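# let's see this in three dimensions:
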Amino acid sequence: MKAVFITTSTDEQSFEQIMWLRTTDMIKALERRGVVVLQISYHSAQNPTAELIEKVLHFNPDFFIAPNYNFILLSMTSPVNLFKFVTRPIVAIWDDPLGALANSLFYIAKRAADQQVVRTSNTPIKSNVCPVSSLDVVSPFDWFQTMRSPNLLHFSWDSGHMSAVAELGLVEPANVHWYPISTFPAFIRFGMANRSCPPEVDVAFCGNIYLDYVMQHEYWKDETLQQLTARICTAKSRALEQPTYSLMRNEIEGLSSEVRDSYGLWSNRYPYWDYYRFLVWHASTTLVRLSLIGQIKHQISIYGLFADPNSAELLKTYPNIRLGGNHHHFNELPRVYAAAKVNVCLTNGLIYQGVPSKLVDCVASGGFALCDPKDDLLRLFGTGIKRIFFRDADELNKKIDYYLERPEERAQIVAEMQEVIRKECTLDRLFDTALSKVERLKRQPCRRDIYGDYRDDGIDAKEILRASFKDPAEELFLVSSTQAVDIDWPIQDFFSYEGWAPSKVTKIDSSEVEIKTSPACWQYAATLPCPKSICQRRIDGFLRIDLTVKTGKVGISIVASDLAKILLERCLEASASRQSVYFVVEEFPEGSKLLVRNANTKNSSSTVIIHAIELFAAQKALAQVRQL
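Residues are numbered from 1 along each chain as shown. Take a look at the predicted model:
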C-alpha cells in the first residue's frame, strides 16, 4: 500500500512540534506494515502547486492520513486544495471532531473576512480572536457536511464524540470506528526500562492552562458571554463526568431568543461553533482545571504551559502551585510522569467520554494518576479503574492523601493498567484496523479518483492543472472517449414522501419538474430511483444533471437504496442561469437513487427545476470536477 501523510510543521516552539514527533512514530508504524509513505505538509496541501498535484497523482496513493482529522480539515480550507484534485480514502483520526470543524471554519471565515466578503460587518477577523460582530460569515452545516464524504474512514477514541456527531446527523454511527487511544513508543519503552523511578515530587499536573489567552479573548471581555462561560465552567467543576459540550447546549438553550439572535448562538450559525472553540478548547479546560488545582491541599508541580507561556506569570498568585517548566515530549516527559507519586489528570474540555491521552502516556511511563470519570475508561480497563476516579475537589484531596501513603497499591494499579495499555493502546493496533478498512473501502463503488489513471491517457495533466489555476472558480471538464448512454431515466418520476411535507414536486411539462423543499435545512425533498439497467454496471464515466436553482440552495445527491447514506453530493445556490451538476462514477450501487434536499441554512425553502439527466460512459476518462 501507499499513503500520503499530511504532516505538521517542525516548529519547536509550538504544539505542532509535539504533533511532528507523533507523526514520525506514526509513519514508522505504517512503514513496518509495508506502507510506502509520501509526506506533504498541510500548508502545501492547502494551496498545492501543479507540480505537487502531478507528484501525488504519479505516486497514486491508496489513502490519505494525518496525525489527526484537524490537519485534514485545515488542508481543505483553501478553495483550491489537494483534495479537490485527488480523491482517495482518508483515514480520519478524530481528536475533537466538532472542535476540528469549528477550528477549520474559523480559517474559512478569516479568509472570507480578509477578502471583504463578510456580510454583517467590515471588521476584519483578527489572528486568534473573532469579534462577535464579524462572525456570521459562512454556513456551518455546509462545511460540516464534509464529514459525510464516502471516502472518509472515521476513527474515534471517544464514544461521546461519536454520539454528539451522530446526533447532529453528520455521520452514520456505523461509519465511525471506536478504538482505544494510542500511546507512543517513548512512553512504553521508559515504563518497561524503569520499573521503579525514584520519586521527586508528591503531586504533579502535566498539561496546558490558557489563562492569559482566555482573559484577553473578545468573548471573555463581553459581559454576557463571560457570564455564560462562567456558568458553564462552574457546572462542569461540580459535575466532572458531564461533557462540556452538553453543559454548553443546556446553558445556551436557557438563554432568551433575543440574546441568542444577538450573538448568533444557534447551532446553524457560525458564532455558535466559534464560541464552542473558545469554550471547550480553552476556557473550560483552563477554568475547570484551575478550580480543582486551587483546592488541592498539597503543593502541586505544574509542567507544560508551552501553548500559552504568558499564563505562567498569572499562576504565581496560586500559593499551592510550583512551576516545573516545559519538558521534551518524548525525551523528558516520561520521567516527569514516573517521578511524581500522584499525577492529577484533569482532562481537557474537548474530551467527552474518552480515555485521556495524558493518562495513558503517564501510566505507560510508570506514573500513577488520578482522573475524572469517563465512560471509555470503564470500557477499556473495567470497573477496577474506578479506584482512580474523583468527582470533585473533596474526593480528589482524599484520594491524594490515601495514595501518597500507599506506594505498593499505586504500583499494583499501574502494573494492571500497563498490561492493558501495551496490548490495546498502540499505533500497531490502530493501523492494523485502519488498513483493513482501507482495503474494504477500495473495493466499493462510487469512490473512484476523479482523474482516473491519467498516465495511460496520453494527456499532459501538468499543463491541464496549471491552466485550472488561472481562475479558481472556473469548472473545467476534459473527458476523452465518452459517449452518451441510451437509457430511460424519466425526470417526471421524481416524487416526495408524505413525511417530507411541505416539500412538493410539480410537473412542468413532459420533460421537466419543479421541486420545492421544506424550510428545514438538510430536509429531504424529492427522490428518483436510478434505472435498474445501469445499477452494478461499469460506467467509468459521469452523470450530468441540468437544472436551475430558482431560490435558496439545494443539494443534489446520489444516495444508497435506503436513503440513509449519501454517496456523492453537490450543493448549488440560486442563479438566474441554467447550471449543470457532474458526478464522476465508476458504477451505481444496486437500488441507488438521486436525491434533492434543502441546503439553505437560513430556515427558508428552496426551489429547483430539473431539466435533463444524461449519463456518459467512458473506458478512460480524465475529469476535473471542482465545486468551490
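# roughly how far apart are the closest residue to Asn268 other than its chain neighbours and Trp273?
Using C-beta to C-beta, 6 or more residues apart in numbering and skipping residues adjacent in sequence, the residue nearest Asn268 is Thr601, 5.0 Å away. Where C-beta positions appear, they are placed from N, C-alpha and C, glycine not excepted. From Thr601 over to Trp273 the distance is 12 Å, taken as C-beta to C-beta, to the nearest Å.
# which neighbours do the two share?
Common contacts of Thr601 and Trp273, defined by C-beta atoms under 8 Å, 6 or more residues apart in numbering, comprise Pro140.
# between those two, who's got more neighbours?
Between Thr601 and Trp273, Trp273 has the larger neighbour count (other C-beta atoms under 10 Å), namely 25 against 19.
# confidence score at that one?
Per-residue confidence (pLDDT) for Trp273: 93.
# so which elements touch the helix or strand encompassing it?
Taking DSSP states H and E as the criterion, the element that holds Trp273 is helix 270-278. Other helices and strands packing on helix 270-278, by 3 or more C-beta pairs under 8 Å, 6 or more residues apart in numbering; DSSP states H and E, are helix 97-114, helix 140-144, helix 244-253.
# next secondary structure after it?
Per DSSP H and E, the helix or strand that comes after helix 270-278 is helix 284-293.
# how far out from the middle of the chain is that next one?
How far helix 284-293 lies from its chain's middle: 25 Å, per C-alpha atoms, centre = their mean, to the nearest Å.
# can you give me the buried ones in it?
284-293 (16 or more other C-beta atoms under 10 Å).
# state the pLDDT value of Thr10.
On the pLDDT scale, Thr10 gets 64.
# in what helix or strand does Asn397 lie?
helix 393-404.
# hmm, back to that, closest to Glu200 out of the buried residues of helix 284-293?
Ile293 (18.9 Å; C-beta to C-beta).
# which residues of the stretch 301-450 of the chain fall in strands?
Applying DSSP state E, counting those that start in this stretch to the stretch 301-450 of the chain gives strands spanning 321-325, 340-345, 369-371.
# and among these, the most buried is which?
Highest mean neighbour count of the strands of the stretch 301-450 of the chain: strand 340-345, a mean of 25 (counted as mean count of other C-beta atoms under 10 Å).
# packing partners of it?
Applying 3+ C-beta pairs under 8 Å, 6+ apart, one finds that strand 340-345 contacts strand 201-207, helix 357-364, strand 369-371, helix 393-404, helix 407-424.
# save the ones you listed as CSV, and put in distance to Pro48 and mean pLDDT too.
Below are the helices and strands packed on strand 340-345 laid out as CSV (distance: least, C-beta to C-beta, whole Å; pLDDT from 0 to 100):
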stretch, distance to Pro48, mean pLDDT
strand 201-207, 35, 96
helix 357-364, 31, 97
strand 369-371, 42, 98
helix 393-404, 49, 97
helix 407-424, 37, 97
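# out of those, which comes closest to Asn250?
Nearest of the helices and strands packed on strand 340-345 to Asn250, taken as C-beta to C-beta: helix 393-404 at 22.4 Å.
# list the contacts of the closest one.
Helix 393-404 has contacts (C-beta under 8 Å, 6+ apart) with 202-203, 291-292, 295-298, 341-342, 344, 368, 370, 388, 390, 409-410.
# ok now it, how far from the chain's centre?
Distance, centroid of helix 393-404 to centroid of chain: 36 Å (C-alpha atoms, centre = their mean).
# distance to Val171 added to the strands of the stretch 301-450 of the chain, as JSON lines?
Formatted as JSON lines, the strands of the stretch 301-450 of the chain follow (distance: least, C-beta to C-beta, whole Å):
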{"stretch": "strand 321-325", "distance to Val171": "40"}
{"stretch": "strand 340-345", "distance to Val171": "29"}
{"stretch": "strand 369-371", "distance to Val171": "28"}
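# need the per-residue pLDDT for Thr448.
Quick fix: residue 448 reads Arg, not Thr. Looking at Arg448, its pLDDT reads 36.
# just say helix, strand or coil for the closest residue to Leu568 other than its chain neighbours.
With C-beta to C-beta, 6+ apart as the criterion, Leu568 has its nearest non-adjacent residue at 4.6 Å, and that residue is Ile558. Under DSSP: H, G, I helix; E, B strand; the rest coil, the three-state class of Ile558 is strand.
# now do the contacts for Ile558.
Ile558 touches 446, 530, 543, 566-569, 583, 585, 588, 592-595, counting by C-beta under 8 Å, 6+ apart.
# distance of it from Thr234?
48 Å.
# do Glu498 as well
On the measure of C-beta to C-beta, Glu498 and Thr234 end up 47 Å apart.
# and for Asp95?
Taken as C-beta to C-beta, the span from Asp95 to Thr234 is 26 Å.
# of these two, who's got more company?
Asp95 (22 against 14).
# and the more buried one, helix, strand or coil?
Of the three states, Asp95 takes coil according to three-state DSSP.
# and it, how far from Asn68?
4 Å.
# circling back to that earlier point, can you put the buried residues of helix 284-293 in TSV and add pLDDT?
Listed next are those as TSV, based on pLDDT from 0 to 100:
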residue	pLDDT
Ser284	97
Thr285	96
Thr286	96
Leu287	97
Val288	97
Arg289	96
Leu290	96
Ser291	96
Leu292	96
Ile293	96
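# alright, I will stop here.
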